[in-house]
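[1] Attaching a predicted model along with its sequence, questions to come.
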Amino acid sequence: MFFDEIQACPEALRALRFYYEKIPELHVVAAGSLLEFALLEIPSFGVGRIESLYMYPMTFAEFMEASGQSLWNQAIASASVKKTIDPLIHNKILDRLKIFLVIGGMPRVVEAYITEKGLGACQVELDNILNSFYDDFAKYHKKVPVLRMQDVFKSVVYQTGSKFKYSNIGEGNTSTYMYKDGLELLVRAGLVYKVFHTAGRGIPLGAQVNIKKFKTLIFDTGIFQRVQGLNISEHIIADFPELINKGNLCELFVGIELMAGQSPRIRPEVYYWHREARSSNAELDYVIARHNLIIPIEVKAGVRGQMQSIHLFMEERKLEKGVRISSENYTAYDKIETLPLYAVPHIYHYHFNFK
């Protein structure tokens, strides 16, 4: 039994536990827009009887599968520094990635691209989704005015790649507390992710966070593009380096893929590292943990660029390996292994030569 848009009926949410108790053999699924908003209004809706799954827009691999490139997915899954992808195939995959970056992974948008073969339809669907979110802000939560929620939502996009500051939201004449409440609601609803600063000196990384220092990521690159008012058709013909340098799009994509690659049964967590010092200012885009190993990740939009921050972090933490994500093919620079942008989720099971 499937209940859709269940947030419109809180009593139905309260009743879910009784399906488990009275008809345990029946599989019941509930879904809804901004469902977490509705759950906030319910003291308890069935602890131990209801299982939550964290869902995301389609990943790049799922987009490739849906658009008939499953063989390329297989090639990516088996590739490594010792077994690189053919340069011609590598460039073709980057072309597909460029399309995915501008349309995003919302299923209706991907379907519009596949069935209608046009970017105009994708843009219409993205605008419809955005408008429905704004409508839902007003419909399903009354504590934060809808215009303030919209301000926070848009500011998350504009501050992508930087430490989030409430002072950068709106015109500065609204209470910070209201913006904080708005951001927390968006995080609970899965529309925004917080990436906390971690000292990164040991595992678990979450035990070393500074809750006052965090970045924010919007949940989808297509929505990101539309909030910024970027024209999809213009960006699809842009050079790849020019495209992914727009508004930290590359860093956003990597963060979303890292989160979607985690277990759907736990709230996603990724971290970043930043050292602010007069003599040495350094920042590492992402830090994750895998198999009791700390993996520092530096994101580079192009094929060139310094890697001072990751080397500094590795030296201070005495790490043997680091990861660079870029538009390059698989390669290695001494202790840094480079993975292409389209291979981000494979970090979780990629065979690094860690000591």
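    Everything's here; your move.
[2] how much space between the most centrally placed residue in the chain and residue 105?
    Most central in the chain under CA atoms, centre = their mean is residue 256, positioned 2.0 Å from the mean C-alpha point. Taking CB to CB, to the nearest Å as the measure, residue 256 falls 8 Å from residue 105. The C-beta positions use only the backbone N, C-alpha and C, and glycine is treated the same way.
[3] between the two, what contacts are shared?
    56, 57, 220, 221 (CB atoms under 8 Å, 6 or more residues apart in numbering).
[4] Which of those ranks first by neighbour count?
    residue 221 (25 neighbours; other CB atoms under 10 Å).
[5] Next SSE downstream of the lowest-mean-pLDDT helix or strand in the chain?
    The helix or strand of the chain with the poorest confidence is helix 240-244; it has a mean of 60 (mean pLDDT, DSSP states H and E). Counting by DSSP states H and E, the next helix or strand C-terminal to helix 240-244 is helix 249-260.
[6] export that following helix as PDB, just CAs?
    Extracted C-alpha coordinates of helix 249-260, given in PDB (Å, rounded to 0.1, in the frame of the first residue of the first chain):
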ATOM      1  CA  LEU A 249      29.000  23.700  -9.500                       C
ATOM      2  CA  CYS A 250      31.800  21.100  -9.500                       C
ATOM      3  CA  GLU A 251      32.100  21.100  -5.700                       C
ATOM      4  CA  LEU A 252      28.400  20.900  -5.300                       C
ATOM      5  CA  PHE A 253      28.200  17.900  -7.600                       C
ATOM      6  CA  VAL A 254      30.900  16.000  -5.800                       C
ATOM      7  CA  GLY A 255      29.200  16.700  -2.400                       C
ATOM      8  CA  ILE A 256      25.900  15.400  -3.600                       C
ATOM      9  CA  GLU A 257      27.400  12.300  -5.100                       C
ATOM     10  CA  LEU A 258      29.400  11.600  -1.900                       C
ATOM     11  CA  MET A 259      26.200  11.700   0.100                       C
ATOM     12  CA  ALA A 260      24.100   9.600  -2.300                       C
END
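[7] Now the helix or strand just after it: buried residues?
    Where DSSP H and E defines the elements, the next helix or strand beyond helix 249-260 is strand 271-275. For strand 271-275, burial by neighbour count (16 or more other CB atoms under 10 Å) applies to 271, 272, 273, 274.
[8] Just the buried residues of stretch 77-89, please?
    Within stretch 77-89, judged by 16+ other CB under 10 Å, the buried ones are 79, 80, 81, 85, 89.
[9] Need the residues you listed in a markdown table (columns: secondary structure and distance to residue 252).
    Shown next, in a markdown table, are those (DSSP: H, G, I helix; E, B strand; the rest coil; distance: CB to CB, whole Å):
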| residue | secondary structure | distance to residue 252 |
| --- | --- | --- |
| 79 | coil | 24 |
| 80 | coil | 26 |
| 81 | coil | 26 |
| 85 | coil | 24 |
| 89 | helix | 25 |
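[10] any chance of those in a markdown table, plus pLDDT?
    Below are the buried residues of stretch 77-89 laid out as a markdown table (pLDDT from 0 to 100):
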| residue | pLDDT |
| --- | --- |
| 79 | 93 |
| 80 | 90 |
| 81 | 89 |
| 85 | 95 |
| 89 | 95 |
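[11] Need the max-distance pair from the residues you listed.
    Across the buried residues of stretch 77-89, the longest distance by CB to CB is 16.4 Å; it joins 81 and 89.
[12] how far out from the middle of the chain is stretch 175-190?
    Computed by CA atoms, centre = their mean, to the nearest Å, the separation of stretch 175-190 from the middle of its chain amounts to 18 Å.
[13] Can you show me the CA trace of that stretch as CSV?
    Below are the C-alpha coordinates for stretch 175-190, written out as CSV (Å, rounded to 0.1, in the frame of the first residue of the first chain):
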residue,chain,number,x,y,z
SER,A,175,16.2,38.2,12.8
THR,A,176,19.0,35.8,12.5
TYR,A,177,17.0,33.3,14.6
MET,A,178,14.3,33.2,11.9
TYR,A,179,17.0,32.4,9.2
LYS,A,180,18.4,29.7,11.5
ASP,A,181,15.0,28.1,11.9
GLY,A,182,14.5,28.3,8.2
LEU,A,183,17.8,26.7,7.4
GLU,A,184,17.2,23.9,9.9
LEU,A,185,13.8,23.1,8.3
LEU,A,186,15.3,22.9,4.9
VAL,A,187,18.0,20.6,6.2
ARG,A,188,15.4,18.3,7.9
ALA,A,189,13.4,18.2,4.7
GLY,A,190,16.5,17.0,2.7
